[in-house]
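[1] Just a sequence and a predicted model for now, questions to come.
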Amino acid sequence: MDGGVARVLLARAEKANALDSPHLEELSRAFRELKGREDLHVAVLAGAGKAFCGGADVRELGSLSESNAGAFVARIHAVCEAIRALPAPVVAQLHGAVIGAGLEIAAACDLRIAAPGTKFAMPEVRLGIPSVVEAALLPRLMGAGRAAWLVMTAEAIDAQRAFDWGLVEEVGGEEAVERTVKTLLGAERGALRAQKALCRLWEEAPLSVSIARSIDLFAESYGQARFRKPG
């Protein structure tokens, strides 16, 4: 970690960063370990090689049975939950292909920036299985109809359509990622963590609960002397 920024890399480039059980467990562990870092301000998740992530490892998918398939997708969920539970925001740096489980992991990040030419797809129905676990985040990002189109047709969309549909926040390369990181570093760390917690609450809780909790966090910011007086 350097200057409050942690960089996590999917490093199975020879397999398009396809996710098998050992790599999923390693990724979960990396984010769980980051959770305890009080000096962490922002994390960036990227993929080595020509793709961010080509999805779940097809060899392991082919070896699954009814008795162990649930445990495999639970490992994908564990990665997504570790990302969402990280107090600091996570920026997904996307390029090449973002497929299946890789797209679910990207959806679990707080912000997504896709390089021009990036392709997104949820091809599971063509394999005879549904898209599951954090695919449930897609309607929140894109709207129900667009999410249904993605998971039911299994057709790919490009970075521009992903931006137009709300799946990614920006289309750009490494400079766009670094600009976003710099912007996040300009925010007070405790306030940024409180804002991430509220963003998750807004997704999951009734409006009245979200508002009540936001009032408490606003007051706590003053109690912890985080408020910066303008000027």
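    That came through, no problem. Numbers count the residues shown, from 1 in each chain.

[2] List the contacts of residue 141.
    In this structure, residue 141 makes contact with 107, 147, 166-167, judged by CB atoms under 8 Å, 6 or more residues apart in numbering. Yep, even glycine has a C-beta here, placed from its N, CA and C like the rest.

[3] How is the chain divided into domains?
    Each domain of the chain is listed here as a residue range: 5-184, 187-223, per automatic domain parsing.

[4] and these, which is most packed in?
    Across the domains of the chain, averaging neighbours per residue (mean count of other CB atoms under 10 Å) puts domain 5-184 on top, at a mean of 19.

[5] so where do the strands sit in the chain?
    Listed in chain order, the strands found in the chain under DSSP state E are 5-10, 42-47, 90-94, 97-99, 111-114, 119-121, 157-158, 170-171.

[6] quick one: the third one to chain centroid distance?
    On the basis of CA atoms, centre = their mean, to the nearest Å, strand 90-94 sits 7 Å off its chain's mean C-alpha point.

[7] Could you name the helices and strands sitting against that strand?
    Packed against strand 90-94 by the contact rule (3 or more CB pairs under 8 Å, 6 or more residues apart in numbering; DSSP states H and E) you find strand 42-47, helix 101-108, strand 111-114, helix 174-185.

[8] Contacts for the first one, please.
    It refers to strand 42-47. Here strand 42-47 makes contact (CB under 8 Å, 6+ apart) with 4-10, 13, 17, 31, 34, 52-53, 83, 86, 88-96, 102, 105-106, 109, 177, 181, 184-185, 192.
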